[in-house]
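# okay, structure incoming, though there's no sequence with it:
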């Protein structure tokens, strides 16, 4: 039971626990995803480099990561982790499902499972992706949540400028994203 409660409150990049969000922002501009994601290339370890602050990650002081592992059934195992202020590790495991198989860029993630049934699916839309899969920008249609992920703990300034341009085109304000620390 304690594990279930921890999973309910430890939500890290890639999801939210609320039912489907509206598909439009306050501007009525639809969020658009990248045209295609090769899930084999997308799988693996990602470091969160920035995020829109949210209550799910309130206790995450530094070292936020997301590990994606492909499953034989087409779903993706998700393990999110971060470090508390005292350095202790927090982890939450969930599952992602692809909801747009044409692009593989629209997914939903759930970190709540009861008797093998996943509840509270949250949108996870890949709205920016480097050609070499060195960074990804993840958002939600409401633009309430957003994450910048990288294969390294930092990104060069010119790459961040490129990411900020994508965020602006997608209706996000880049200044709402706060950098993620990776060392205490």
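Cool, got the structure. Small disclaimer: the values here were computed from a predicted structure and weren't measured. Numbers count the residues shown, from 1 in each chain.
# lowest confidence element among the helices and strands of the chain?
Lowest by mean pLDDT, DSSP states H and E among the helices and strands of the chain is helix 2-9, with a mean of 37.
# which residues does the longest helix along the chain contact?
The longest helix of the chain (DSSP state H) is helix 157-169. Here helix 157-169 makes contact (C-beta atoms under 8 Å, 6 or more residues apart in numbering) with 127, 128, 130, 134, 135, 137, 146, 148, 155, 173, 174, 177. Quick note: C-beta positions are derived from backbone N, CA and C, even for glycine.
# against residue 47, how distant is the residue lying closest to the fourth one once chain neighbours are set aside?
Yep, that's residue 134 we're talking about. With C-beta to C-beta, 6 or more residues apart in numbering as the criterion, residue 134 has its nearest non-adjacent residue at 5.2 Å, and that residue is residue 151. Residue 151 sits at a distance of 7 Å from residue 47 (criterion: C-beta to C-beta, to the nearest Å).
# which one's more surrounded, those two?
Using other C-beta atoms under 10 Å as the criterion, residue 151 and residue 47 rank with residue 47 on top: 20 against 15.
# where does the more buried one fall, secondary structure wise?
Using DSSP states H and E, residue 47 sits in strand 44-51.
# taking helix 157-169 as reference, get the angle to that strand.
Interaxial angle of strand 44-51 relative to helix 157-169 (axes from the mean of the first three to the mean of the last three C-alpha atoms, to 10 degrees): 70 degrees.
# quick one: mean pLDDT over the next helix or strand after strand 44-51.
Going down the chain from strand 44-51, the next helix or strand is strand 62-70, by DSSP H and E. For strand 62-70, the mean pLDDT works out to 97.
# okay, buried residues for strand 62-70 please.
63, 64, 65, 66, 67, 68 (16 or more other C-beta atoms under 10 Å).
# strand partners (parallel or antiparallel) of the helix or strand following it?
Moving toward the C-terminus from strand 62-70, the next helix or strand (DSSP H and E) is strand 76-83. Sheet pairing of strand 76-83 (DSSP bridges) gives strand 62-70 (antiparallel), strand 89-98 (antiparallel).
# ok, the contacts of helix 157-169 vs residue 115, which is closest?
residue 146 (32.3 Å; C-beta to C-beta).
# how close does that closest one sit to residue 93?
22 Å.
# any idea of the pLDDT on residue 20?
Residue 20 is given a pLDDT of 41.
# please apply the same query to residue 15.
39.
# ok so, going back, distance to residue 80 for the strands paired with strand 76-83 - can I get that in a markdown table?
Shown next, in a markdown table, are the strands paired with strand 76-83 (distance: least, C-beta to C-beta, whole Å):
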| stretch | distance to residue 80 |
| --- | --- |
| strand 62-70 | 5 |
| strand 89-98 | 5 |
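# now do the contacts for residue 53.
Counting by C-beta under 8 Å, 6+ apart, residue 53 has contacts residue 178.
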